[in-house]
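need coordinates for the following:
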Amino acid sequence: METLLRIEELEKYYGAKTLITKALDNISFSVEKGEFLGIMGASGSGKTTLLNCISTIDTATAGHIYLRDTDITGLKEDKLAEFRQKNLGFVFQDFNLLDTLTIEENIALAPVIQGTSPKKIAGEVKNVAARLGIQDILAKFPYEVSGGQRQRCACARALIAHPSLILADEPTGALDSKSAGMLLECFTQMNREMQATILMVTHDIFSASYCSRILFLRDGKIFSELSRGNKARRAFFTEILDIVTLLGGDVSNAQ
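Prediction:
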């Protein structure tokens, strides 16, 4: 398989002099193309910091982040926006949709900004909306649809630009259990049928059980790792729960 993302000896410090906090402590791992990787850990474990460094929102103190052959940590500020636009898709907990635009316009926003032809945009919006089951709400505004539908709109917006990597930050955090389940099935479809590579930060065991592999962080280090393989999701859920019990902290097993 092709290695898409490679993290090498990543470190992130906050503060100065005697008040230094080491948020990431010499972390190394890789993500294969087409993988659905989960990052778990209690508050303060470093999972959000790790996601922020990979997404270029934050800057690593030391180490390297490679997306294919590009060292993200070596990019200048004027190149980072272009890199994000071409390579990364984002799905956030709070959707980040614009209420003044329709669902269709929200999905199409990035290609419109990039100058893609209207005809091509219309075709791609309809295609991705149909795959995610939101083709019937394209003319509605975000405040007129459910939270689960808004989150699937956010997924469509992330997918339409054909990013190399989709980064999801607690994507089920604002959803009820039914909507969360529908979204996670949507992620599974994106991963299996559309070959999307997904890195998802979550504290929820139920959400994590949909992943193909999970890294567990504690105190800025990788504490453990689990691969699902051919296991049923329920069996994988139990394995995750065992690791979380060892980790302690505020990790949830809500279903």
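
show me where pLDDT drops low in the stretch 101-250 of the chain?
By pLDDT under 70, the weakly predicted segments of the stretch 101-250 of the chain are 249-250.

please, where are all the strands along it?
For the stretch 101-250 of the chain, applying DSSP state E, counting those that start in this stretch gives strands covering 165-169, 198-201, 213-218, 221-227.

just the helices in the stretch 151-255 of the chain please.
Under the criterion DSSP state H, counting those that start in this stretch, the stretch 151-255 of the chain contains helices at 177-193, 205-208, 233-247.

now these as CSV including mean neighbour count?
For glycine as for every other residue, the C-beta is placed from the backbone atoms N, C-alpha and C. CSV is the format used below for those (neighbours: other Cβ atoms under 10 Å):
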stretch, mean neighbour count
helix 177-193, 17
helix 205-208, 24
helix 233-247, 15
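
can I get those helices in a markdown table with distance to Leu4?
Output for the helices of the stretch 151-255 of the chain, formatted as a markdown table (distance: least, Cβ to Cβ, whole Å):
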| stretch | distance to Leu4 |
| --- | --- |
| helix 177-193 | 13 |
| helix 205-208 | 20 |
| helix 233-247 | 22 |
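
which one of these lies nearest to Glu144?
Evaluated over the helices of the stretch 151-255 of the chain, closeness to Glu144 peaks at helix 177-193, with 15.6 Å, by Cβ to Cβ.

what residues does that closest one touch?
With Cβ atoms under 8 Å, 6 or more residues apart in numbering as the test, helix 177-193 has contacts from 34, 36, 131-133, 146-148, 151-152, 155, 159, 166, 168, 171-172, 175, 196-198, 200, 204, 206-207, 210, 212, 254-255.

and Leu101, how many neighbours?
Using other Cβ atoms under 10 Å, Leu101 has 14 other residues around it.

what's near enough to touch the residue nearest to it when sequence neighbours are not counted?
In this structure, Leu101 finds its nearest non-sequential neighbour in Leu109, 7.0 Å apart by Cβ to Cβ, 6 or more residues apart in numbering. In this structure, Leu109 makes contact with Leu98, Leu101, Arg157, judged by Cβ under 8 Å, 6+ apart.

same check, this time on Ile7
So Ile7 contacts Ile27, Ser28, Phe29, Ser30, Ile54, Gly63, His64, Ile65, Tyr66 (Cβ under 8 Å, 6+ apart).

in helices, which of these appear?
Mapping the contacts of Ile7 onto helices (DSSP state H) picks out Ile54.

which among the contacts of Ile7 count as buried?
When the contacts of Ile7 are checked for burial by 16 or more other Cβ atoms under 10 Å, the buried set is Ile27, Phe29, Ile54, Gly63, Ile65, Tyr66.

would you list those in CSV and tack on pLDDT?
CSV is the format used below for these (pLDDT from 0 to 100):
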residue, pLDDT
Ile27, 96
Phe29, 97
Ile54, 95
Gly63, 96
Ile65, 97
Tyr66, 96
